[in-house]
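In: below is the sequence, then the predicted model.
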Amino acid sequence: MSHRHIDVRYVANLARLELTDAEVATFQPQLESILGYVESLSKLDVSKLDPSAHGIPVFGRMREDVPQPSLSQEAMLQNAPDQAQGQIRVPKVVTDA
């Protein structure tokens, strides 16, 4: 995979960036270095590696679903602005259809 010369001014124009001549002189060798590194990566033999979505193994992403001790009903209702018959009352939000 050989890369063609990529002009930094062209890329900057695509990204709607205005670069000075000094910035172009700085970024052009950096871009060529990055592309050279990517090209060297493409030459590596990866035929014995298993394809994966992550570079490192991912374990324990989900916690075990364990019920937590619940609060008493009185504790849940103590901060409710309006309550009746042990339940929180809320304003009606649906009109008659």
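Out: Sure thing, it's come through. These numbers were taken from a predicted model, which means no experiment stands behind them.
In: who's the residue nearest to Ala80 when sequence neighbours are not counted bridged to?
Out: Nearest residue to Ala80, sequence neighbours excluded (Cβ to Cβ, 6 or more residues apart in numbering): Ile88, at 4.5 Å. C-beta here means a position set from N, CA and C on the backbone, and glycine is covered the same way. Judged by DSSP bridges, the bridge partners of Ile88 are Gln83.
In: other SSEs contacting the top helix by length along the chain?
Out: Once the chain is assigned using DSSP state H, the helix that runs over the most residues is helix 21-42. In terms of contacts (3 or more Cβ pairs under 8 Å, 6 or more residues apart in numbering; DSSP states H and E), helix 21-42 is packed against helix 8-14.
In: buried ones in the helix it packs on, by neighbour count?
Out: Within helix 8-14, the residues that count as buried by 16 or more other Cβ atoms under 10 Å are Val8.
In: which strands or helices does it pack on?
Out: Applying 3+ Cβ pairs under 8 Å, 6+ apart, we find helix 8-14 packed against helix 21-42.
In: lowest-confidence helix or strand of the chain?
Out: helix 73-77 (a mean of 76; mean pLDDT, DSSP states H and E).
In: who's in contact with it?
Out: Counting contacts by Cβ atoms under 8 Å, 6 or more residues apart in numbering, the residues outside helix 73-77 that touch it are Gln83, Gly86, Ile88.
In: in stretch 23-30, what's buried?
Out: By 16+ other Cβ under 10 Å, the buried positions in stretch 23-30 come out as Phe27, Gln28.
In: pLDDT weak spots in the chain?
Out: Filtered on pLDDT under 70, the chain yields the residue ranges 1-3, 97.
In: which one of the contacts of helix 73-77 is nearest Asp65?
Out: Asp65 lies nearest to Ile88 out of the contacts of helix 73-77, by Cβ to Cβ, at 25.6 Å.
In: got the contact list for that closest one?
Out: Applying Cβ under 8 Å, 6+ apart to Ile88 gives the contacts Leu77, Ala80, Asp82.
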